[in-house]
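Visitor: Here is my input, please return the structure:
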Amino acid sequence: MKNTVRVHSFHGGIHPPENKKQSTGAPITMAPVPSRIVLPLQQHIGLPADPVVKVGERVLKGQLVAEAIGRISANIHASTSGVVTAIESHPVPHMSGMPADCLIIEADGNDEWIEHQGLEDYTQLPKPELIEFIRQAGVAGMGGAGFPTDVKLHLGDDHIVNTLIINAAECEPYITADDMLMRERAEQILGGIEIIAHLLKPLHIMVGIEDNKPQA
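Guide: Predicted coordinates:
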């Protein structure tokens, strides 16, 4: 059963102009592939990934280029095809202002995928194997910590999850990524929720949406 409920309201805080309309007037579009890709080896909380390719090596889109180290870490894959030109310290968009170790790829313009296949039916996999599949894919959260998703899902069988909350609230001005994704990619979002629900078996599932997103 699906219900729209008002769970809690929040008092106080600041309320700057939302300025949401500027980025909701056009559909989601695919950005062009840049000629140079800079992949920080630490895109997440925990240990940085360890490069598994060498300078001068050609890589394909989706290929593993840096491997997770330890429990709290995440794999990194090439976002397009090209040649690894450097593995070195490079400026990154981080609040510390400090550079970080990065793997740099010069794109060849072909955007050629590595051979790959998904899961035909994830419900047929044992829970540990499905979580390992997610770990190998390098899936991580989109929050500030970039927490590896497989760690969040790795709960004991005796752990009861009462409520799974899908956070679709965007309180910052201008930001409408969640809003547009829910408008245009609702089926994929529900598919992701079904996978998480399959693993965690929550008693309740809630999607948190602010009242300024009626179309979402």
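
Visitor: in what helix or strand does the closest residue to residue 184 other than its chain neighbours lie?
Guide: Leaving out its chain neighbours, the residue that sits closest to residue 184 by CB to CB, 6 or more residues apart in numbering is residue 28, at 5.5 Å. From N, CA and C alone the C-beta is placed, and that goes for glycine too. For residue 28, there is no host helix or strand (DSSP states H and E).

Visitor: My guess is residue 28 contacts residue 180. True?
Guide: Yes. Residue 28 lies in contact with residue 180 (CB atoms under 8 Å); the separation is 5.5 Å.

Visitor: what about these two, which has more around it?
Guide: Shown here are residue 28 and residue 180; by other CB atoms under 10 Å, residue 180 has more neighbours (17 against 10).

Visitor: Quick check: next helix or strand after the helix or strand containing that one?
Guide: Take DSSP H and E as the rule and residue 180 turns out to sit in helix 177-184. Heading C-terminal from helix 177-184, the first helix or strand you meet, by DSSP H and E, is helix 186-200.

Visitor: Give me the neighbour count for residue 179.
Guide: 22.

Visitor: cool, residue 42 as well?
Guide: The burial count for residue 42: 19, using other CB under 10 Å.

Visitor: residues contacting it?
Guide: When contacts are counted by CB atoms under 8 Å, 6 or more residues apart in numbering, residue 42 is found next to 48, 49, 100, 101.

Visitor: which one of these has the most neighbours?
Guide: Neighbour counts for those (other CB under 10 Å) peak at residue 49, which has 25 neighbours.

Visitor: where's that residue relative to residue 97, distance?
Guide: Note on residue 49: its distance to residue 97, by CB to CB, to the nearest Å, is 22 Å.

Visitor: again with residue 203
Guide: The value you get for residue 203 to residue 97, if CB to CB is used, is 44 Å.

Visitor: just to revisit the earlier point, can you pull out the residues in contact with the helix holding residue 180?
Guide: 20, 23-24, 27-28, 168-170, 189, 209, 213, 215-216.

Visitor: what about 7 Å?
Guide: Helix 177-184 is contacted by residues 24, 27, 28, 168, 170, 189, 213, 215, 216 when judged by CB atoms under 7 Å, 6 or more residues apart in numbering.

Visitor: Name the residues of that helix that come out as buried.
Guide: 178, 179, 180, 182 (16 or more other CB atoms under 10 Å).

Visitor: same thing with stretch 23-37?
Guide: Neighbour-count burial for stretch 23-37 [16+ other CB under 10 Å]: 33, 37.

Visitor: Please state the offset of it from the chain centre?
Guide: Relative to its parent chain, stretch 23-37 has a centroid offset of 17 Å by CA atoms, centre = their mean, to the nearest Å.
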